[in-house]
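Undergrad: Any chance you could fold what I've pasted below:
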Amino acid sequence: MPGETMEWYRSKVDWWLVPLLCLPPVASIAVCINLVLEGKMSELPWGIAAVLFVAGLYLGLVVPIKYGLDDSTLVVRFGVCRQRIALEDILEVRLTHNPLSSPALSLDRLRVQFGSGPFKVVMISPADRDRFLDDLLERSGLTREGDRLVRI
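TA: I've put the predicted structure just below:
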């Protein structure tokens, strides 16, 4: 059954991204504290709504970001979302530093092309990129050409 032998890889996190990710939750909590200290209790529900909104975004789209491999599937998990890509559909995996939005917490990314067209690409950033690439190579039937994996 798929998933029983799933091996998971954490996302690499760039140091400069940590303060950017911490800013919204800290700011929304600080607003709530400030409202309480100033006695503006009638405005507190708006502050709590902001905290809940930020928490919802992070839990829905960011935490956790990880990547799974089993014998037939690459799973990209970001928050409550899961994208499943059949290993046999992967055409190319190459290094990239593309800053476009993707389920990756680092700009040291792998661009995974799994079909033709702009919507058949995902960029991921496994922390142990070399181990991930070796495991993907072993399971997928791809061939190594320099610093990329391709389907021949």
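Undergrad: and the most centrally placed residue in the chain, helix, strand or coil?
TA: Per CA atoms, centre = their mean, the C-alpha nearest to the average position across the chain is that of Pro103, at 2.7 Å. Following DSSP: H, G, I helix; E, B strand; the rest coil, Pro103 is assigned to coil.
Undergrad: Leaving out the residues flanking it, which one is nearest to it?
TA: Among residues not flanking Pro103 along the chain, Phe78 sits closest, at 3.7 Å (CB to CB, 6 or more residues apart in numbering). Heads up, the C-betas are built off the backbone N, CA and C, glycines and all.
Undergrad: tell me the domain ranges of the chain?
TA: Here the domain parsing of the chain from automatic domain parsing is 7-12+67-150, 17-61.
Undergrad: State the mean pLDDT of the first one.
TA: This points to domain 7-12+67-150. Over the span of domain 7-12+67-150, the pLDDT mean works out to 94.
Undergrad: and that domain, how far out from the chain's middle?
TA: 11 Å (CA atoms, centre = their mean, to the nearest Å).
Undergrad: Please verify my assumption that Val80 contacts Val63.
TA: No - applying CB atoms under 8 Å, one finds Val80 not in contact with Val63, separated by 9.7 Å.
Undergrad: Show the contacting residues for the residue nearest to Leu87 when sequence neighbours are not counted.
TA: Counting by CB to CB, 6+ apart, Leu87 lies nearest to Ser140, which is 4.2 Å off, once chain neighbours are set aside. Residues near Ser140 by CB atoms under 8 Å, 6 or more residues apart in numbering: 87-88, 90, 149.
Undergrad: which of the residues you listed lies closest to Thr96?
TA: Checking these against Thr96 with CB to CB, the nearest one is Leu149 at 13.1 Å.
Undergrad: Am I right that the closest one falls within a helix?
TA: No - checked against three-state DSSP, Leu149 lies outside a helix; its state is strand.
Undergrad: just to revisit the earlier point, the residue nearest to the centre of the chain touches Pro126, doesn't it?
TA: No - Pro103 lies out of contact with Pro126 (CB under 8 Å); the separation is 11.1 Å.
Undergrad: Which strands and helices lie in contact with the helix or strand that contains Ala27?
TA: According to DSSP states H and E, Ala27 maps onto helix 17-37. Counting contacts by 3 or more CB pairs under 8 Å, 6 or more residues apart in numbering; DSSP states H and E, helix 17-37 is packed against helix 44-57.
Undergrad: immediately after the helix it packs on, which helix or strand?
TA: strand 65-69.
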